[in-house]
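K.L.:
Fold the following for me, if possible:
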Amino acid sequence: QAQLVESGGGLVQAGGSLRLSCAASGRAFGTYAMGWFRQAPGKGREFVAAISWSGGETYYANSVRGRFTISKDNAGNTVYLQMNSLEFEDTAVYYCAAKPGGLPRPHNEYEYAYWGQGTQVTVSS
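P.N.:
Reported below is the predicted structural model:
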């Protein structure tokens, strides 16, 4: 079982950058695919980005492709989300999630077994 703790959220002006981190407990992190999701006020949770257990494959929502980058440090049990050119519409609580093994449907939140508590990202316009 994995425990996930997100950090790095905060308040930033539009056009700015933030890097979110998600630290995972457990020795099996290297075998987990990881994802980032977000939930804005009054909206459902939506897929942002995902990465395969090896780090060799990445997936992005159309709304963030080219601005966000997901990466995975298996030695450090951490997954990152580098967010550049932030927009007001990126304001949300960001959650990281983990799935043991493969990731056939990275956009599907029900694929993921473990979730963090979330970190707030607020972009001022």
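K.L.:
Give me the most central residue, this protein.
P.N.:
By C-alpha atoms, centre = their mean, the mean C-alpha position of the chain lies nearest to Trp36, the distance being 2.3 Å.
K.L.:
Let me see the contact set for the nearest residue to Ser25 once chain neighbours are set aside.
P.N.:
Once flanking residues are discounted, Ser25 sits nearest to Gln3: 4.3 Å by C-beta to C-beta, 6 or more residues apart in numbering. In this view, the C-beta of every residue, glycine as well, is placed from N, C-alpha and C. Shown in contact with Gln3 (C-beta atoms under 8 Å, 6 or more residues apart in numbering): Ala24, Ser25, Gly26, Tyr114.
K.L.:
Next step: these restricted to strands.
P.N.:
The strands, defined by DSSP state E, take in Ala24, Tyr114 from the contacts of Gln3.
K.L.:
contact partners of stretch 27-46?
P.N.:
Against stretch 27-46 from outside (C-beta under 8 Å, 6+ apart): 2, 20, 22, 24, 47-53, 61, 70, 72, 74, 77, 79, 81, 89-103, 106, 109, 111-112, 118, 121.
K.L.:
filter the residues you listed to the buried ones?
P.N.:
Among the contacts of stretch 27-46, those classed as buried by 16 or more other C-beta atoms under 10 Å are 2, 20, 22, 24, 47-53, 61, 70, 72, 77, 79, 81, 90-100, 103, 106, 111-112, 118, 121.
K.L.:
So the residue nearest to Asn77 when sequence neighbours are not counted versus Ala14, what's the distance?
P.N.:
Distance criterion C-beta to C-beta, 6+ apart; nearest residue to Asn77, sequence neighbours excluded, is Phe29 at 4.4 Å. Distance from Phe29 to Ala14, counting by C-beta to C-beta, to the nearest Å: 34 Å.
K.L.:
Could you check which of the two is surrounded by more residues?
P.N.:
Each of Phe29 and Ala14 had its neighbours counted (other C-beta atoms under 10 Å), and the higher figure belongs to Phe29 (23 against 14).
K.L.:
Could you save the contacts of Gln3 as a markdown table and add columns showing pLDDT?
P.N.:
Conversion of these to a markdown table gives the following (pLDDT from 0 to 100):
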| residue | pLDDT |
| --- | --- |
| Ala24 | 93 |
| Ser25 | 90 |
| Gly26 | 77 |
| Tyr114 | 95 |
